[in-house]
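1. Okay, structure incoming, though there's no sequence with it:
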């Protein structure tokens, strides 16, 4: 069984990532932890941390909190405020091309280029999530009854992608051909960007709280079932008319987190009982990485070389798995 360097933080882990070779954990209490080689704890937010995500460059961790701040954390432990929503909570963040940052608070999305002014993008309803396209300064927002696509550097009206219901998460495919949202009703919805054709992905028994694109955007892996559900996106029509793969099926617990390997067709799967599996997508072969713990796996992230996997749980357990051993 692979070796694990275990950590215990005493509170929910919002994000487990690597900044270079350094494992970094963002906690809901507003702190950023660097546990390797003697723990460092940095106070990023006064009050709670609501969201934390790795920047598109992989060189900084972006977080938003109850204090209305958007904070960037780098591998050397430097904290810098890169955005603000005043006194309102920041509920979504995203890093984009050339240092751009987006965040959401209430009915407004914000975009700031690395050296530019902040642009506000008002919405009629609450902005639930934000995501940048892989190329160019293009932003998607998830909202009630669909998603919106903006070119923030221009004054052009957004492209509206409509589908009834609450959309709580949004992501572009890495090849920029599809946009996918998480829905409140235990489903995914998607659009083919070249023509707006709809894609409906249903059948989940629970809320989808984690997703990850496999290498070369071949699959979108998701939580929300007793197995990891992988929708095929390699063809022009994406998953339309196709059945998903189901990997790591367990009859007694749910998948709560997924993370695709950065270079190989391998998927890390985390479960509600704290177990972690690595599964080869091609044939479903499984390797046990962690037997279990006291809380559900909430977040996982690979290092750039794909040798180490960081994980964090709802109860504050965390660790780094060396899969080469």
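-> Sure, I can see it. Everything quoted here is computed from the prediction, not taken from an experiment.
2. quick one, longest strand in the protein?
-> strand 159-172 (DSSP state E).
3. Could you look up the SS state of residue 130?
-> strand (DSSP: H, G, I helix; E, B strand; the rest coil).
4. Now do the contacts for it.
-> 92-94, 102-104, 109, 139-142, 170 (Cβ atoms under 8 Å, 6 or more residues apart in numbering). In this view, the C-beta of every residue, glycine as well, is placed from N, C-alpha and C.
5. mind running it again at 7 Å?
-> For residue 130, the contacting residues are 92, 94, 102-104, 109, 139, 141, by Cβ atoms under 7 Å, 6 or more residues apart in numbering.
6. Identify those among these that sit within strands.
-> Reading strands off the contacts of residue 130 with DSSP E, I get 92, 94, 102-104, 109, 139, 141.
7. ok, which stretches of the stretch 51-200 of the chain are strands?
-> 60-65, 69-74, 79-84, 92-95, 101-105, 108-112, 118-122, 129-132, 139-150, 159-172, 178-183, 187-192, 197-201 (DSSP state E, counting those that start in this stretch).
8. and the last one, what other elements does it pack with?
-> Which is strand 197-201. strand 187-192 (3 or more Cβ pairs under 7 Å, 6 or more residues apart in numbering; DSSP states H and E).
9. Report all helices and strands that the strand it packs on contacts.
-> By 3+ Cβ pairs under 7 Å, 6+ apart, strand 187-192 packs against strand 159-172, strand 178-183, strand 197-201.
10. What lies in contact with that strand?
-> 161, 163, 167, 177-183, 197-202, 204, 208, 222, 238.
11. Could you check how far residue 258 is from residue 14?
-> Per Cβ to Cβ, to the nearest Å, residue 258 is found 16 Å from residue 14.
12. Residue 305 too?
-> 24 Å.
13. same check, this time on residue 106
-> 20 Å.
14. ditto for residue 260
-> In terms of Cβ to Cβ, residue 260 sits 20 Å off from residue 14.
15. Now, of the contacts of strand 187-192, which are buried?
-> 161, 163, 167, 178-183, 199, 201, 204, 208, 222, 238 (16 or more other Cβ atoms under 10 Å).
16. Now the two most distant members of the residues you listed.
-> 161 and 204 (20.9 Å; Cβ to Cβ).
17. coming back round to it: could I get the helices and strands packed on strand 187-192 as a markdown table with distance to residue 35?
-> Output for the helices and strands packed on strand 187-192, formatted as a markdown table (distance: least, Cβ to Cβ, whole Å):
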| stretch | distance to residue 35 |
| --- | --- |
| strand 159-172 | 28 |
| strand 178-183 | 30 |
| strand 197-201 | 37 |
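18. out of the ones you listed, nearest to residue 309?
-> Among those, strand 159-172 comes nearest to residue 309, with 20.7 Å by Cβ to Cβ.
19. by how many degrees do the closest one and strand 197-201 diverge?
-> Between strand 159-172 and strand 197-201, the angle comes out at 40 degrees (axes from the mean of the first three to the mean of the last three Cα atoms, to 10 degrees).
20. buried set for strand 159-172?
-> Per 16+ other Cβ under 10 Å, strand 159-172 contains these buried residues: 161, 163, 166-172.
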